[in-house]
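Trainee: prediction below, plus the sequence it came from.
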Amino acid sequence: MSNNQQQFRYSTGVIAYPLFFVLSIWIVFWMQVRFFPSIKRLGVYPQKLEGLLGIVTSPFIHSDIEHLYHNSIPLFILSVALFYFYRKISWKVILYGILLSGLFTWIIGRPANHIGASGLVYVLVSFIFFKGIFAKHYRLVALSLIIVFLYGSMIWYAFPVKEGMSWEGHLGGLISGFIFALIFRKAIAKPERYVWQQPDYNEDDDPFLKHFDEDGNFIENIEPEVEEEPLSEEQHPDITYTFKENKD
């Protein structure tokens, strides 16, 4: 099995890991509503030391059920695509994406409580799109086009177009995804190359092309030329045969 086939082979983790991740966010929201409403304040507070904790906790905290719902669906779909096409680096993209996008929010954000997993969603959108473009692999390019079709309109929310929305977290996610696409560029599954695409390919040694002449006409009954060397006396000794008559 080639590396590309192994890279694009389905496994239970493709669904299980994204499902577990999204389910954990719902569990945290349930605990927030039921028992610990104060954890809603554990978001990213820009330019404050106590706000650094929110870089890790903010993706698991949401303001209401609608906020959680709008983040859960794209997060699950994009995570499935990530684990299927980039399983070797999928956890790195998620974990580092949370940290880097949160850090960008902490640096450039307005003085407010920035919460929600939308920053990570923008990380995945940006990463999957640019990785497909860099890969020049037909499956990954097709995936990039699907991402643009489904989530292309999200680009506008990386700018201050809606009041009360953390556009800084969205912008930080887009930048983080692009950076990871560059950093993990060598981890791209490249398309298979045929023998005739190799740099050391020689047409004269191709067993298929030997069946055609210079004008492209098919040559029938072509046989490989084998030079036979005469056997020496040691290699071909005299053989003595003995005949015995059967009297029966």
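Mentor: It's in.

Trainee: residue 97 falls within a helix, correct?
Mentor: Yes: looking at residue 97 with DSSP: H, G, I helix; E, B strand; the rest coil, it is inside a helix.

Trainee: surely it touches residue 121?
Mentor: No: contact criterion CB atoms under 8 Å: residue 97 and residue 121 do not qualify, at 9.7 Å. For the C-beta atoms, the positions are set from N, CA and C on the backbone; glycine is no exception.

Trainee: phi, psi of the most centrally placed residue in the chain?
Mentor: The structure's the chain has its C-alpha centroid closest to residue 86; by CA atoms, centre = their mean the separation is 2.4 Å. Phi and psi for residue 86, reported as degrees, to the nearest 10, are phi -130, psi 50.

Trainee: who's in contact with it?
Mentor: By CB atoms under 8 Å, 6 or more residues apart in numbering, residue 86 lies in contact with 93, 128, 131, 184, 187.

Trainee: how about residue 93?
Mentor: Contacts for residue 93 were tallied using CB under 8 Å, 6+ apart; they are 82, 86, 123-124, 127, 180, 184.

Trainee: weed out the non-buried ones from those.
Mentor: For the contacts of residue 93, a neighbour count by 16 or more other CB atoms under 10 Å gives the buried set as 82, 86, 123-124, 127, 180, 184.

Trainee: and which of those is nearest residue 160?
Mentor: residue 123 (19.6 Å; CB to CB).

Trainee: okay but that closest one is in contact with residue 178, surely?
Mentor: No: the criterion here is CB under 8 Å, and residue 123 misses it with residue 178 at 9.4 Å.

Trainee: so residue 112: helix, strand or coil?
Mentor: Applying three-state DSSP to residue 112 yields a three-state assignment of coil.

Trainee: look up the pLDDT of it for me, please.
Mentor: At residue 112, the model reports a pLDDT of 91.

Trainee: list the contacts of it.
Mentor: Residue 112 sits next to 45-46, 166 when contact means CB under 8 Å, 6+ apart.

Trainee: mark which of those are buried, thanks.
Mentor: 45-46, 166.

Trainee: returning to that earlier point: tabulate the buried ones among the contacts of residue 93 (a markdown table), appending pLDDT, secondary structure and distance to residue 74.
Mentor: Shown next, in a markdown table, are the buried ones among the contacts of residue 93 (pLDDT from 0 to 100; DSSP: H, G, I helix; E, B strand; the rest coil; distance: CB to CB, whole Å):
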| residue | pLDDT | secondary structure | distance to residue 74 |
| --- | --- | --- | --- |
| 82 | 92 | helix | 12 |
| 86 | 87 | coil | 17 |
| 123 | 95 | helix | 11 |
| 124 | 93 | helix | 8 |
| 127 | 93 | helix | 13 |
| 180 | 94 | helix | 18 |
| 184 | 87 | coil | 21 |
